[in-house]
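>>> I would like the atomic coordinates for the input below:
(one chain, ligands or ions: 1)
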Amino acid sequence: MVGIGPRRRPSRKGSMADVPKDLLQQIKELEDLFTVDTVKLKQIVDHFVKELEKGLSVEGGNIPMNVTWVMGFPTGHEQGTFLALDMGGTNLRVCEIVLTEEKGEFDITQSKYRMPEELKTGTSEELWEYLADCLQQFIEYHHDGEKLHTLPLGFTFSYPATQHYIDHGILQRWTKGFDIDGVEGKDVVPLFEEVLKKRGLPIKVAALINDTTGTLIASSYTDPEMKIGCIFGTGVNAAYMENVGSVPKIAHMNLPPDMPVAINCEYGAFDNEHVVLPRTQYDIIIDRDSPRPGQQAFEKMTAGLYLGEIFRLVLIDLIDNKPGLIFENQDTSKLRKPYSLDASFLAAIEEDPFENLQETEELFERELGIKATKGELELCRRLAELIGTRAARLSACGVAAICKKKNIESCHVGADGSVFTKYPHFKARGAQALREILDWKPDEKDKVIITAAEDGSGVGAALIAALTLDRVKAGNLAGIRDAGDMKTLL
Ligand code: BGC
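All right, here's what the predicted structure looks like:
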């Protein structure tokens, strides 16, 4: 697409000059609604730290703080051939990873499959059969005619799961719009392994992994300063390494207090009680109309799945409740479809390089059949910025809370997910918020740095499977259920 308008200037103040007064007033109201200032950020972080602690305690709290039974970082000397299956929200990926003899080296072969939309609300059987189909296709394609030994699988299942063992996980609840009956409250590993067995596939689940834990382990493999693994994508979450002695809820296991264990925070559930997050009427509607009302309060304000919907709900509210303010006499039927806009729509608006917002104008016409005026485009542009900025600033609160809880002054944070990798300015806005929350001096460099992670659900999953097998070999069996079966993989 070739634009004809002049390139945008760094400051856009001037471009508001010809925006009608009522729209300017509306923009101001939206700014007041969506801006999260430093004081509020700090309040959120203080509450967040307490909730992280609570999640580790015997009583528990909103944030699950799931024990993953990943007991330490890789050394770089892990070896072997592993399968990894990543059940993401949008795609499904199967990888074969060979951790080679050379320290920290690996080879990877992978195939991607689309996760059919209807599967997300289908039946439990359909889900497992589909995952097995993809694994089977992968094996048939890459190992046609070979006689295979059973391969250990790292299964990245990125939903909150209670793990009494690393090769076990009871789904606490679906997130990210999934709503498949008959899985919540069940251990997903035997459900899946049964289907693999029925098909005679030579695969054994060695570890059930969260994407954040995989990200933490894969990133720390190449960067020893890495202390936190984060996902800012369709959903949001983080994992970090804790000492067993700081996890009262597993005190009964009498493990050495200084033993490391990775915690999958599941902090998308932060503030489900709604005491501190600055929720707007739009956030309330998102929650009310979601498959799991009352769950994932933090996620619903920050994750990619919801950003476009927040934007859409604001526009619909203005159309319906402020007659004549925007899109008068336009057909808004396309805009009325829930979840018709995703985060990439907002990203495209924020990326429009033209002073006259020509690309945004074309986007509205092409995607929604709406011909927007200059003032309306300016309002949409500002609204996208506000929603994207709020998400980035709130996202920084989770990272800051883990740092405060662990007394980490400086570290690297490995991050992945579509919002982190694709949403414009997300990184810079998050970094600015961290600066405000953690009170760095103006001349001080960033001390907690959020950087692009290594492939958590591929290499990370393989490494975790390898670490598990190494523990079986060494007889360090804390949090391993099927150690007997796993011995056959050695
Ligand atoms: C899930 C987490 C996951 C995160 C990012 C959340 O909805 O509950 O398990 O880590 O999304 O994918």
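>>> Hmm, Gly294 is touching Asn272, no?
Yes: counting by CB atoms under 8 Å, Gly294 touches Asn272, with 6.2 Å between them. C-betas here are computed from N, CA, C, even on glycine.
>>> Those two: which is more packed in?
Per other CB atoms under 10 Å, whichever of Gly294 and Asn272 has more neighbours is Asn272, with 19 against 12.
>>> next one: phi and psi at that one?
The phi and psi values for Asn272, taken as degrees, to the nearest 10, are phi -60, psi -20.
>>> my guess is it contacts Lys300, does it?
No: using CB under 8 Å, Asn272 is not in contact with Lys300; the gap is 10.0 Å.
>>> Which strand or helix spans Gly177?
For Gly177, there is no host helix or strand (DSSP states H and E).
>>> Distance of it relative to Leu363?
24 Å (CB to CB, to the nearest Å).
>>> Same question for Gln296.
29 Å.
>>> elements contacting the one helix or strand in the chain whose mean pLDDT sits lowest?
For the chain, counting by mean pLDDT, DSSP states H and E, helix 483-487 ranks last in confidence among helices and strands (a mean of 89). Under the contact definition 3 or more CB pairs under 8 Å, 6 or more residues apart in numbering; DSSP states H and E, helix 483-487 sits against strand 203-209, helix 461-474.
>>> so which of those is the most packed in?
Ranked by mean neighbour count, the helices and strands packed on helix 483-487 are led by strand 203-209 with a mean of 28 (mean count of other CB atoms under 10 Å).
>>> and the angle from that one to helix 461-474?
110 degrees (axes from the mean of the first three to the mean of the last three CA atoms, to 10 degrees).
>>> Show me where the stretch 101-250 of the chain has its strands.
Counting by DSSP state E, counting those that start in this stretch, residue ranges of the strands within the stretch 101-250 of the chain are 106-114, 151-157, 161-162, 170-171, 203-209, 226-232, 236-243.
>>> Equivalent analysis for the stretch 251-400 of the chain, please.
Ranges of strands in the stretch 251-400 of the chain, per DSSP E, counting those that start in this stretch, are 260-264.
>>> Residue of the stretch 301-450 of the chain nearest the ligand, please.
Gly417 (6.5 Å; CB to the nearest ligand atom).
>>> Report the rounded mean pLDDT for the longest helix along the chain.
Longest helix in the chain, counting residues (DSSP state H): helix 374-405. Averaged over helix 374-405, pLDDT sits at 98.
>>> of all the helices and strands packed on helix 483-487, which lies closest to the ligand?
With CB to the nearest ligand atom as the criterion, the ligand lies closest to strand 203-209 of these, at 10.0 Å.
>>> so what's the residue of the stretch 101-250 of the chain found nearest the ligand closest to, chain neighbours aside?
For the stretch 101-250 of the chain, the residue closest to the ligand is Gly235, as judged by CB to the nearest ligand atom, at 2.2 Å. Nearest residue to Gly235, sequence neighbours excluded (CB to CB, 6 or more residues apart in numbering): Lys176, at 4.6 Å.
>>> Counting neighbours, what do you get for the closest residue to Leu386 other than its chain neighbours?
With CB to CB, 6+ apart as the criterion, Leu386 has its nearest non-adjacent residue at 3.9 Å, and that residue is Phe34. Phe34 has 22 neighbouring residues, counting by other CB under 10 Å.
>>> Which one of the helices and strands packed on helix 483-487 lies nearest to Phe155?
Closest approach to Phe155 among the helices and strands packed on helix 483-487 (CB to CB): strand 203-209, 5.3 Å.
>>> Quick check: can you name the pairing partners of that closest one and their directions?
Here strand 203-209 has these sheet partners by DSSP bridges: strand 151-157 (parallel).
>>> so where is the stretch 1-150 of the chain shaky, pLDDT-wise?
Scanning the stretch 1-150 of the chain for pLDDT under 70 picks out 1-14.
>>> Minimum distance to the ligand, which residue of it gives it?
Gly89 (6.8 Å).
>>> Could you check how far the closest residue to Thr90 other than its chain neighbours is from Thr421?
Excluding the flanking residues, the one nearest Thr90 by CB to CB, 6+ apart is Met115, at 6.0 Å. The gap separating Met115 from Thr421 is 18 Å, by CB to CB.
>>> Of those two, which one has the most company?
Neighbours per residue, other CB under 10 Å: of Met115 and Thr421, the larger number sits with Met115, 20 against 14.
>>> Spell out which parts of this structure neighbour the ligand.
158-160, 175-176, 210-212, 231, 233, 235-237, 266, 268, 299 (CB under 6 Å from any ligand atom).
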